[in-house]
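Colleague: generate a structure from the sequence data that follows.
(chains A and B)
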Protein chains: 2
Amino acid sequence: MPELFHVLAPLDALAVFRRAVPVRATVETIPTAAALGRFLAADLRAPSSLPSFARSSMDGYAVRAADTYGATEGLPAVLAIAGEVPMGKAPAIAISQGQAALVHTGGPLALGADAVVMVEHTQLVDNTTIEIIRAVPPGENVIQVGEDIRQGDLVLSAGHRVRPQDIGGLTALGITSVAAAKRPRVAILSTGDEIVPPHAAPAPGQVRDVNSYTIAALIERAGGLPLLLGIVPDDPHALRRAAAAALAQCDMLVLSAGSSVSLRDITAGAISALGQPGILVHGVALHPGKPTILAAVGQTPVIGLPGNPVSAMIVFHLFCRPAIAWLSGCPDPPDSPPVQATLARNIASAPGREDFVPVRLEQRDGRLLADPIFGKSNLIYTLVRAQGIVRVPLDKSGLYAGEIVDVRLL
Amino acid sequence: MPELFHVLAPLDALAVFRRAVPVRATVETIPTAAALGRFLAADLRAPSSLPSFARSSMDGYAVRAADTYGATEGLPAVLAIAGEVPMGKAPAIAISQGQAALVHTGGPLALGADAVVMVEHTQLVDNTTIEIIRAVPPGENVIQVGEDIRQGDLVLSAGHRVRPQDIGGLTALGITSVAAAKRPRVAILSTGDEIVPPHAAPAPGQVRDVNSYTIAALIERAGGLPLLLGIVPDDPHALRRAAAAALAQCDMLVLSAGSSVSLRDITAGAISALGQPGILVHGVALHPGKPTILAAVGQTPVIGLPGNPVSAMIVFHLFCRPAIAWLSGCPDPPDSPPVQATLARNIASAPGREDFVPVRLEQRDGRLLADPIFGKSNLIYTLVRAQGIVRVPLDKSGLYAGEIVDVRLL
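Modeller: The predicted structure follows:
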């Protein structure tokens, strides 16, 4: 069976794939404290304002600002100390004109106060009298009600992936559980007569499974639940049966294909046999990674990954990661911006395809250097030795040593 | 009790802290497949070479290179097909002069072959005869034994933090379990009379615990095991008791201090009472984050984090993250290089301290803009709204709009 590639540019391929895989999520309620890395399933709005009372942002004296106007070191304002406002309690002290009350950072003001003079700008005369040596406008050193967030404001949107500070923001509002997308189950089937499991001793001609475990870790990092379903021999019927069984127990299927052309045909055949709409993209203008298959069965995404490790990782990043986000209710997977580095050597490329080259990163003379690793893409240690990947855009015939390039971290 | 800061520059503070906290690890053996994000406890060397047999990197014909010399489209070399070398088996076919054998990508060569001609450079004459239209040198399209990694080579070093591709590299070598550093248990004690747990309804003057949960998530991300030990009131005896009890069950203690000066004194007192050497650094030339305490009890690191959320996160990154790495056997915590962005507005700073300003990141007109959020550092939503942090170095009095700045992602 000849291989007829109708090769699409990576972004076009992604668009075709996305149209077949609607953004959706199965929702579950989880504790906020366990939500790190999870995708939110609903918009969250603030149930109350933060802070809920006006708080001092300094240790000092709560005052009526007008009482301090004109105060200087030479001509201080002299105020009577009405007492101390303790932390953690509603203020029991009210001040009137000419009075001040001791307050603490994060604590409430005294009733009637509208500003705080920091303790460094005061001089204690005696236990009942304080001199203010700097005038303050109303609101000075005060965190107003709702200044952090206001009741009803959008806190975080559906599809947002939770970071540590988001957990703090939510617990601050008393939101101790959230509706999150269930982690999509992503099944991985490895194919190839030459592949044996990692614990097996390979006979001559055999190799251990490399990609399944790398892909499982990438799935986990992307927010999915990897299901390692083992190795299937290069037999069309066996692969079809295994793929159908895998599909029945997952939300997304990754076929980590063997590397030979005939096996790629078997993979394509097995995917086509799974159901409609079937193969959407067969071949992407990408190097390495051209023989990528993007498919859908019903609305379940199915991806045929090229067999070599470098391709598999690049294709994972370009297509699997977004698909996991779509199945988590997130239309655009959050992606760290690339790091900029100076290219250490020229990279040649063919125009009309995107080239990806693993690089070592190294600080030298105060700049970050990206040194291309021109290893064959079928070597896993090319990736182990790399810290990043440089992309040569579709319309370029290469990149030059000394150019500043974008590096995606691995 | 007056606060007497002997303020150190961040790097000096880190050096003092590091001298008191020896790099060490408790070792446990874990499955390689579960090692993502873990720190390796020992150097790993390759038990065998990869690949273990010479593999074809193409679908094509294994040949003796000398038989192809001079071959062109107009004057092909004509070779006899000796058979097919199947995937996954030791080659049973040997070729002699004038012969070729069909091979598959990733499969072994025929015995006696030293190169592969890709199928695109051949023309099948009949079932027994093939024309070679392009000459190949010895080794062409062949992955030699040990080309990926050689037996005895260093695979990964002790202290390395495992990434997805490392898992693939290890399983490829049959290394299915590794010696990893036990995840250090990092206890978090929150202090403050005004603090209530997230599920409680704060009375007037009270606020919910924000930092503990953010810090717990940061600990997890840094490779530690967070132990949330709750909230202690502003009482010296209670805090000393709680800190001593926490210390007995953890490898590192973080005191998330209340924000008032008096409470900072209580925290410092409680840390001093825990044992020798005690407080190493009290005050770092950092804004926000100046009232940081770095201490050790025996060799156990103890950190007093400032109470406000922005400071706590910055100080976590500068001091807690490295300490978790040291307790995982890693002398220098792996750190992603910063992202470069164009500063959208001026940032003022005081020379003699490092200033950290949260920023929003935004793609505009093809460049990445970093827009400073000048919110007060006691607002958690300053961090929720930010995607990164910009550092103003010690010796600078500010940064200007339009400058390219380094952004650490949050």
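Colleague: spell out, range by range, the strands that occur in the stretch 201-350 of chain A.
Modeller: A:207-208, A:225-232, A:252-256, A:277-282, A:286-287, A:293-297, A:300-305, A:339-343, A:347-348 (DSSP state E, counting those that start in this stretch).
Colleague: partners of the third one, with directions?
Modeller: Right, strand A:252-256. Applying DSSP bridges, strand A:252-256 is found paired with strand A:185-191 (parallel), strand A:300-305 (parallel).
Colleague: what's it in contact with?
Modeller: A:184-191, A:211-212, A:215, A:219, A:224, A:243, A:246-247, A:267, A:270-271, A:293, A:297, A:300-305, A:307, A:312, A:320, A:323-324, A:327 (C-beta atoms under 8 Å, 6 or more residues apart in numbering or on different chains). The way it works is simple: take the backbone N, C-alpha and C, and place the C-beta from them, glycine included.
Colleague: cutoff 6 Å now
Modeller: Contact with strand A:252-256 is made by A:184, A:186-190, A:211-212, A:246-247, A:267, A:301-305, A:323, as judged by C-beta atoms under 6 Å, 6 or more residues apart in numbering or on different chains.
Colleague: drop anything exposed from the residues you listed.
Modeller: With neighbours counted using 16 or more other C-beta atoms under 10 Å in any protein chain shown, the contacts of strand A:252-256 contain these buried positions: A:184, A:186-190, A:211-212, A:246-247, A:267, A:301-305, A:323.
Colleague: nearest to B:Gln387 among the strands paired with strand A:252-256 would be which one?
Modeller: Counting by C-beta to C-beta, B:Gln387 lies closest to strand A:185-191 out of these; the figure is 26.9 Å.
Colleague: how far does the closest one sit from its chain's centre?
Modeller: Mean-position distance between strand A:185-191 and its chain equals 23 Å (C-alpha atoms, centre = their mean, to the nearest Å).
Colleague: is the helix or strand following that strand positioned near chain B?
Modeller: Per DSSP states H and E, the first helix or strand lying C-terminal to strand A:185-191 is strand A:195-196. No - figure legend: strand A:195-196 not in contact with chain B (C-beta under 6 Å from any C-beta of the partner chain); closest approach 7.6 Å.
Colleague: quick check: mean pLDDT across strand A:195-196?
Modeller: Mean per-residue pLDDT for strand A:195-196: 93.
Colleague: same question, stretch A:314-321
Modeller: On average, stretch A:314-321 scores 96.
Colleague: and for stretch A:397-410?
Modeller: pLDDT averaged over stretch A:397-410 gives 93.
Colleague: where does chain A have low pLDDT?
Modeller: A:1-5, A:258-261 (pLDDT under 70).
Colleague: quick check: domain ranges of it?
Modeller: Following automatic domain parsing, one gets these domains for chain A: A:10-26+A:182-326, A:41-50+A:149-181, A:55-143, A:339-409.
Colleague: any chance of a markdown table for these, columns distance to B:Tyr69?
Modeller: Formatted as a markdown table, the domains of chain A follow (distance: least, C-beta to C-beta, whole Å):
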| stretch | distance to B:Tyr69 |
| --- | --- |
| domain A:10-26+A:182-326 | 27 |
| domain A:41-50+A:149-181 | 58 |
| domain A:55-143 | 82 |
| domain A:339-409 | 24 |
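Colleague: nearest to B:Val16, out of those domains?
Modeller: Across these, closest to B:Val16 is domain A:339-409 (C-beta to C-beta), at 23.9 Å.
Colleague: quick one: end-to-end distance for the closest one.
Modeller: Terminal residues of domain A:339-409 lie 7 Å apart, using C-alpha to C-alpha, to the nearest Å.
Colleague: OK, contacts around A:Gly224?
Modeller: So A:Gly224 contacts A:183-184, A:186, A:324 (C-beta under 6 Å, 6+ apart).
Colleague: list the buried residues in the biggest strand by length in chain A.
Modeller: Longest strand of chain A, by residue count under DSSP state E: strand A:354-364. Within strand A:354-364, the residues scored as buried using 16+ other C-beta under 10 Å are A:354-359, A:361.
Colleague: what packs against it?
Modeller: Judged by 3 or more C-beta pairs under 6 Å, 6 or more residues apart in numbering or on different chains; DSSP states H and E, strand A:354-364 is in contact with strand A:367-372, strand A:388-392.
Colleague: the last one and chain B in contact?
Modeller: No - for strand A:388-392, no contact with chain B is found by C-beta under 6 Å from any C-beta; the gap never falls below 8.8 Å.
Colleague: up against chain B, what does the stretch 101-250 of chain A have?
Modeller: A:104-106, A:108, A:148-149, A:164-169, A:171-172, A:174, A:176, A:193-194, A:198-199, A:204-206, A:208, A:210, A:213-214, A:217-218.
Colleague: can I get the buried part of those residues as one PyMOL selection?
Modeller: The PyMOL command for the buried members of those (criterion: 16+ other C-beta under 10 Å) is given here:
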select buried, chain A and resi 104+105+106+108+148+149+164+165+166+167+168+169+171+172+174+176+193+194+198+205+206+208+210+213+214+217+218
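Colleague: count the neighbours of the nearest residue to A:Tyr400 once chain neighbours are set aside for me.
Modeller: Nearest residue to A:Tyr400, sequence neighbours excluded (C-beta to C-beta, 6 or more residues apart in numbering or on different chains): A:Asn346, at 5.6 Å. A count of neighbours around A:Asn346, defined by other C-beta atoms under 10 Å in any protein chain shown, yields 13.
Colleague: A:Arg24 now?
Modeller: Count around A:Arg24 with other C-beta under 10 Å applied: 13.
Colleague: which secondary structure element contains it?
Modeller: Applying DSSP H and E, one finds A:Arg24 in no helix or strand.
Colleague: out of the strands of the stretch 201-350 of chain A, the one nearest B:Ile93 is which?
Modeller: strand A:207-208 (19.4 Å).
Colleague: partner strands of the closest one and their direction?
Modeller: strand A:195-196 (parallel).
Colleague: off-centre distance for the strand it pairs with?
Modeller: Relative to the mean C-alpha coordinate of its chain, strand A:195-196 is positioned 33 Å out (C-alpha atoms, centre = their mean).
Colleague: who's in contact with that strand?
Modeller: A:202, A:206, A:208-209, A:231.
Colleague: nearest to B:Ala257, of these?
Modeller: A:Asp209 (49.8 Å).
Colleague: the closest one: how many residues sit nearby?
Modeller: 22.
Colleague: next one: A:Gly37
Modeller: Neighbour tally, A:Gly37, other C-beta under 10 Å: 18.
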